[in-house]
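**Q** kindly generate the corresponding structure for this input.
(one chain, ligands or ions: 1)
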Amino acid sequence: MKLKETDSAIYGLLREEFDYQKSTLRLIASENYTSKAVMEATGSVATNKYAEGYPGKRYYAGNQYIDQIEELAIERAKKLFNVGHANVQPHSGSSANIAAFFSFLEPGDKFMGLELPHGGHLTHGSPVNFSGKWFRAVAYGVDKETEALDYDAIKKQAIEEKPKLIICGYTAYPLMIDFKAFREICDEVGAVMMADISHFAGLVAGGVYNSPAPYADVITSTTHKTLRGPRGAIILGPEENGKKIDKGVFPGTQGGPLEHVIAAKAVCFHEAMQPEFKEYATQIVKNAKVLAEELVSLGLRLVAGKTNTHVLLVDLNQKGITGKDAQAALEEAGIITNRNTIPFDTRSPFVTSGLRLGTPALTTRGMKEDEMKHIARMIVKVIENPNDSELKLKVRSEVEELCGKFPIYGDVSY
Ligand code: DSN
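**A** Numbering: from 1, shown residues only. Just a heads-up that it's a prediction; the model follows:
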């Protein structure tokens, strides 16, 4: 039985999506192309099984193979991130953060997280999210001059606010985080240290980003960004927090785990343990740095002036274009990005003054420094001439030509 015959509408759309992914440049910092092996596991028979509970303690019969899959995923996650405990069941990054809050906080407790426009995530205390509605969220920010975290200022604020938990780890922060400094701040005020490493988990696994493992009480992460696995998440921590973390996921905030996705997570962890993955992570950062330098040399301003991670944030204010319009013009040219607020942004999150760019997906395609320079030139041309249809068409064909040289999923066809 084939999808093509049973559901031609979905088949046709998936085929179009596949062609679109092949022929466009993905610069969304949180996206990637996962391996065929990961996709195979995601599309496997493990989707048919209910397995509420944990390996050896399930609420349903018939889990002898599923238990082994989940155990393997757990052991690999522990080894990859050098932690005493891993829970591989969270369905998404937001689910992982809800579970972590459930494990360590009571409704109404105070916690601190980075403000959304400064690079924080929705689940780190935004007033429209559960994190801001059910808890007393206090936002810290980046320094106005440097646009970097000011650890002394965060410490001062933490001493004044006395939060029960502090989150570090962000979605749009181009610099490396000092996790030891956060541990010291948390110790000073008796707070739980939570690190959300969703964006840079692959860089941690590849050894090119500081690891929070020696410091954090709980670590959450998605598995599909720089880590290049299936869409999903994990929660890690020291062994002594294991029971608390597990209860926070099930029965705290989730029911049946997605065992097909857990199988794919296990595949992803195995892939991330291979020497090639270190090379991949190293190249992601090299590419981001070259892309950043080239954009700056072409006249764009970057938040914090640079990147030392996979992500860079362009401040479009001097170019007289909003993030929304830049994103739309680039999309027409086949360059897929996302608009993003920048620190102290005067525009709404729907419009924004910034553009977030990242190199994980381009690096998976095998692109290197030369391609980054080429892409930077195309981006600047479009941003400077967003209404020039002819130019956008020309860039679109340049993009297609470049994509053709760096194919994805070479022998896969629909
Ligand atoms: N949506 C993710 C990102 O793009 O950073 C975070 O959840």
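
**Q** and for the residue of the stretch 1-150 of the chain at minimum distance from the ligand, the neighbour number?
**A** Closest residue of the stretch 1-150 of the chain to the ligand, C-beta to the nearest ligand atom: residue 30 (3.3 Å). Every C-beta, even on glycine, is put in place using the N, C-alpha and C of the backbone. Residues contacting residue 30 under the criterion other C-beta atoms under 10 Å number 20.

**Q** can you tell me the closest non-neighbouring residue to it?
**A** Of all residues not flanking residue 30 in the chain, residue 225 sits nearest, at 4.8 Å (C-beta to C-beta, 6 or more residues apart in numbering).

**Q** ok, now which ones touch the residue of the stretch 101-250 of the chain found nearest the ligand?
**A** Of all residues in the stretch 101-250 of the chain, residue 171 sits closest to the ligand, at 3.6 Å by C-beta to the nearest ligand atom. With contacts defined as C-beta atoms under 8 Å, 6 or more residues apart in numbering, residue 171 is in contact with 29, 30, 119, 120, 121, 198, 199.

**Q** and the residue of the stretch 1-150 of the chain closest to the ligand, how close does it get to residue 236?
**A** To residue 236, residue 30 is 19 Å away according to C-beta to C-beta, to the nearest Å.

**Q** next: residue 409.
**A** 30 Å.

**Q** how about residue 17?
**A** Residue 17 is 32 Å from residue 236, by C-beta to C-beta.

**Q** residues of stretch 205-223 that come out buried?
**A** By 16 or more other C-beta atoms under 10 Å, the buried positions in stretch 205-223 come out as 205-206, 208-213, 215-223.

**Q** just the terminal-to-terminal distance for stretch 328-339.
**A** 9 Å (C-alpha to C-alpha, to the nearest Å).

**Q** wait, residue 285 sits on residue 203?
**A** Yes: here residue 285 reaches residue 203: they are 6.8 Å apart, a contact under C-beta atoms under 8 Å.

**Q** who touches both of the two?
**A** Residues touching both residue 285 and residue 203 by C-beta under 8 Å, 6+ apart: 309, 310.

**Q** residue 183 against residue 210, yeah?
**A** No: Residue 183 is beyond contact range of residue 210, at 11.5 Å (criterion: C-beta under 8 Å).

**Q** rewinding a little: which one's more surrounded, residue 17 and residue 236?
**A** residue 236 (29 against 11).

**Q** so that one makes contact with residue 82?
**A** No: applying C-beta under 8 Å, one finds residue 236 not in contact with residue 82, separated by 9.3 Å.

**Q** who touches both of these two?
**A** Common neighbours of residue 236 and residue 82 (C-beta under 8 Å, 6+ apart) are residue 213.

**Q** for stretch 122-142, give the mean pLDDT please.
**A** Summarised as a single mean, pLDDT over stretch 122-142 is 97.

**Q** oh, that last question was meant for stretch 194-202, not what I typed.
**A** In this model, stretch 194-202 has a mean pLDDT of 98.

**Q** pull up the residues of the stretch 1-150 of the chain that are close to the ligand.
**A** Within the stretch 1-150 of the chain, the positions adjacent to the ligand are 30, 93, 121 by C-beta under 6 Å from any ligand atom.

**Q** now those residues as a markdown table including secondary structure?
**A** Listed next are these as a markdown table, based on DSSP: H, G, I helix; E, B strand; the rest coil:
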| residue | secondary structure |
| --- | --- |
| 30 | coil |
| 93 | helix |
| 121 | coil |
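
**Q** looking at those residues, which is nearest residue 56?
**A** Among those, residue 93 lies closest to residue 56 (C-beta to C-beta), at 27.1 Å.
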